[in-house]
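A.B. asks: Mind folding the following:
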Amino acid sequence: MAIIKKVRGKTPQWGDECYFAETATLLGDVMLGRGCSVWFNAVLRGDVHFIRIGNNVNIQDNAIVHCTYQKYPVNIGNNVSIAHGAIVHGCTIHDNVLIGMGSIIMDNVIIESNSVVAAGAVVAKNTVIKSGSVYAGIPAKKIKELDKRILEEDVLQIAKNYTMYSGWYRKEK
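C.D. replies: Residues are numbered from 1 along each chain as shown. I've put the predicted structure just below:
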């Protein structure tokens, strides 16, 4: 069973068909929509501000989602994949976004819909990633427009795949 803890009077809440790995951790003011998955050793720490997550979001192994005290919450839309080892901190991520493995998203970043942050990228504080963009590097910069093929075959397909994977685990209980 995942670690799910009440902090400062707030207990994590979630919708139907969510999956939390046994070593996932959800703390405090965290709300997830339906069909979400939080994988092994991932942490959603809503102790210093709130975390709001839409539907069909996957937070993969060793990812961290956290906020800045009384300043920057985390808001994540629908069909978002936060890949292995990523850090998402005090930011807003709209719908249909892929956050690559090991990337870091800093405070007050806004990532608009249909975008990709490449593996290992560091998105600096206050950056706005416009819809349809691919960002990479340290610090992350726009490297190209997101084409329809990448949106469908990577961004949306990964979100669908993780819904399928989580179903495998839910059935094994």
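A.B. asks: middle-most residue in this structure, spatially?
C.D. replies: residue 82 (4.1 Å; CA atoms, centre = their mean).
A.B. asks: May I have the residues that are in contact with that one?
C.D. replies: Taking CB atoms under 8 Å, 6 or more residues apart in numbering, we find residue 82 in contact with 57, 58, 59, 60, 63, 65, 76, 88, 99. Glycine gets a C-beta too; all of them are placed from N, C-alpha and C.
A.B. asks: how many other residues sit next to the second one?
C.D. replies: Put plainly, it is residue 58. A total of 25 residues lie near residue 58 under the criterion other CB atoms under 10 Å.
A.B. asks: do the same with residue 29
C.D. replies: 23.
A.B. asks: Keep only those of the contacts of residue 82 that are in helices.
C.D. replies: Per DSSP state H, helices hold no members of the contacts of residue 82.
A.B. asks: out of these, which one sits closest to residue 168?
C.D. replies: Nearest to residue 168 among those: residue 58, at 13.2 Å, using CB to CB.
A.B. asks: Quick check: the gap between the residue nearest to the centre of the chain and residue 111.
C.D. replies: From residue 82 across to residue 111, the span is 11 Å (CB to CB, to the nearest Å).
A.B. asks: Overlap of the contact sets of the two?
C.D. replies: Taking CB under 8 Å, 6+ apart as the criterion, residue 82 and residue 111 both touch residue 99.
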